[in-house]
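A.B. asks: below is the sequence, then the predicted model.
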Amino acid sequence: MPEYHPPLGNRDSLRLDFNENTLACSPAVLAAIKNLSAADLTRYPERGPIEAFAAQHLGLQPEQVILTNGVDEAIHILCQAFLDRGDELLLPVPTYTMYEIYASATDATTRRVQADADFRFPFKALLSAITPKTKLIAIANPNSPTGSVCTREQILVIAEAAPHAVVLVDEAYFHFYGQTVMDLIGKLPNLIVARTFSKAYGLASLRLGLLAGPESLLHWTRRVLSPYSVNTAALVALKAALTDSDARNYLDWYVAEVKQSRTEFLAALNEIGLKYWPTEANFVLVNIGPTHNEFAAAMRKQGILVRDRSADPGCDSLVRITIGTREQMHLAVAAIQKWKSAGVLA
Ligand code: PMP
């Protein structure tokens, strides 16, 4: 398998490349982390009590939640637990890179279902690609890099059509969409939902994610879970993020700001004359044309990082731009306009 190296170097600019929170986490969460003592750091982290707390927050039982080292670890342990030789991961593409990477570290194979040019969720094609070998179906909802969504009804039909498979609904961008299937946990026997604290919460560096699912499935994933993979700073941050009213208000403010900014940025793209795909997330996939490399380089020169996704399946010429605050996106629009007026735009 190839190594995977995301382009993380020199990111002191405006970061519109990784779909992170582009501003900061809540000051209340930062204060909780600063309060950690040396003694706190000497002890191995104990995830159990905070796991139970997170479960309660979601209206679930402690056995129905696992905290992970980011959703990436969650995907890793799902692949380890459920994929074996002869099994298949079923994947609508383009989608988040790590599903296929972790699956490739097992003896299973990946079956890809390509979305049409409109990048809508390939529901019918995915349904007809389910076979007895399908053991895991990974659906990012909203999807990255497209921003498209899969409806609750579609998820229900897929889960019922593949009772022998685990259906992972990755709600990494849940806050910017607002719809969830978390309430179906325990009701659908093969549904697992993932959430991350890397995006809206602004805690990507702490590596904190969550898996919710029926106990009958999660006890398999617990067997391959590293006992200390979620560190004490992340646990402390999680508790503050979910309980502190300032932290909750801050999250609501950030999400509302990004949604407003998204509306304005898409309108600006229309005005500039760039084609993009409808998005329910904090990013948008934009068709730049043959000069997508030059575009990304020109934006970087102006202090703005964007992500060239042209190597993703069906994504030739496409660049993904994270949506930050209105003020930040005004800078992005100005930079795109400057690039356009330089006459490089295809
Ligand atoms: N799922 C999706 C759909 C993502 O886009 C990302 C991050 N880029 C992740 C999961 C990974 O999240 P985390 O930082 O929690 O590992």
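C.D. replies: Cool, got the structure. Numbers count the residues shown, from 1 in each chain.
A.B. asks: kindly state the pLDDT recorded for the residue of the stretch 201-346 of the chain at minimum distance from the ligand?
C.D. replies: As assessed by C-beta to the nearest ligand atom, the ligand sits closest to G209 within the stretch 201-346 of the chain, at 4.0 Å. Glycine gets a C-beta too; all of them are placed from N, C-alpha and C. In this prediction, G209 carries a pLDDT score of 98.
A.B. asks: what's the burial count for it?
C.D. replies: 24 (other C-beta atoms under 10 Å).
A.B. asks: settle this for me: it is touching I66, isn't it.
C.D. replies: No - between G209 and I66 there is no contact under C-beta atoms under 8 Å: 9.1 Å.
A.B. asks: please list the residues of this protein that sit near the ligand.
C.D. replies: By C-beta under 6 Å from any ligand atom, the residues of the chain that approach the ligand are 19, 70-72, 96, 140, 144, 170, 172, 196, 198, 204, 209.
A.B. asks: in contact with P92, which residues are there?
C.D. replies: Counting by C-beta atoms under 8 Å, 6 or more residues apart in numbering, P92 touches 112-113, 115, 121-122, 125-126, 139, 143.
A.B. asks: returning to that earlier point: in strands only, show me the residues of the chain next to the ligand.
C.D. replies: If you go by DSSP state E, the residues of the chain next to the ligand have 140, 170, 196, 209 in strands.
A.B. asks: and of those, the nearest to A256?
C.D. replies: Among those, T196 lies closest to A256 (C-beta to C-beta), at 19.4 Å.
A.B. asks: what number of residues lie near whichever residue of the chain sits closest to the ligand?
C.D. replies: Nearest to the ligand, among the residues of the chain, is G70, at 2.7 Å (C-beta to the nearest ligand atom). Neighbour count of G70, defined by other C-beta under 10 Å: 25.
A.B. asks: remind me which residues of the protein are low pLDDT?
C.D. replies: 343-346 (pLDDT under 70).
A.B. asks: and the strands in it?
C.D. replies: In the chain, the segments counted as strands under DSSP E are 14-15, 65-68, 88-93, 109-114, 134-140, 166-170, 191-196, 209-212, 275-276, 283-287, 304-305, 307-308, 318-322.
A.B. asks: let's have the ones you listed in a markdown table, adding distance to R47.
C.D. replies: Output for these, formatted as a markdown table (distance: least, C-beta to C-beta, whole Å):
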| stretch | distance to R47 |
| --- | --- |
| strand 14-15 | 29 |
| strand 65-68 | 5 |
| strand 88-93 | 27 |
| strand 109-114 | 30 |
| strand 134-140 | 24 |
| strand 166-170 | 20 |
| strand 191-196 | 15 |
| strand 209-212 | 11 |
| strand 275-276 | 40 |
| strand 283-287 | 30 |
| strand 304-305 | 33 |
| strand 307-308 | 32 |
| strand 318-322 | 29 |
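A.B. asks: which of these sits closest to P49?
C.D. replies: strand 65-68 (10.7 Å).
A.B. asks: about what we covered before: and the residues of the chain next to the ligand, which two are the farthest apart?
C.D. replies: A140 and A204 (16.4 Å).
A.B. asks: nearest residue to A117 in space, please, no chain neighbours.
C.D. replies: Excluding the flanking residues, the one nearest A117 by C-beta to C-beta, 6 or more residues apart in numbering is G314, at 7.2 Å.
A.B. asks: contacting residues for the one you found?
C.D. replies: G314 neighbours (C-beta under 8 Å, 6+ apart): 93-94, 114-115, 117, 119.
A.B. asks: what about 7 Å?
C.D. replies: G314 sits next to 94, 114-115 when contact means C-beta atoms under 7 Å, 6 or more residues apart in numbering.
A.B. asks: nearest to T131, of the residues you listed?
C.D. replies: For these, the residue nearest T131 by C-beta to C-beta is Q114; the value is 17.1 Å.
A.B. asks: neighbours of that closest one, just the number please.
C.D. replies: Neighbours around Q114, by other C-beta under 10 Å: 13.
A.B. asks: then A296?
C.D. replies: 21.
A.B. asks: got it, and D116?
C.D. replies: For D116, the neighbour count with other C-beta under 10 Å is 10.
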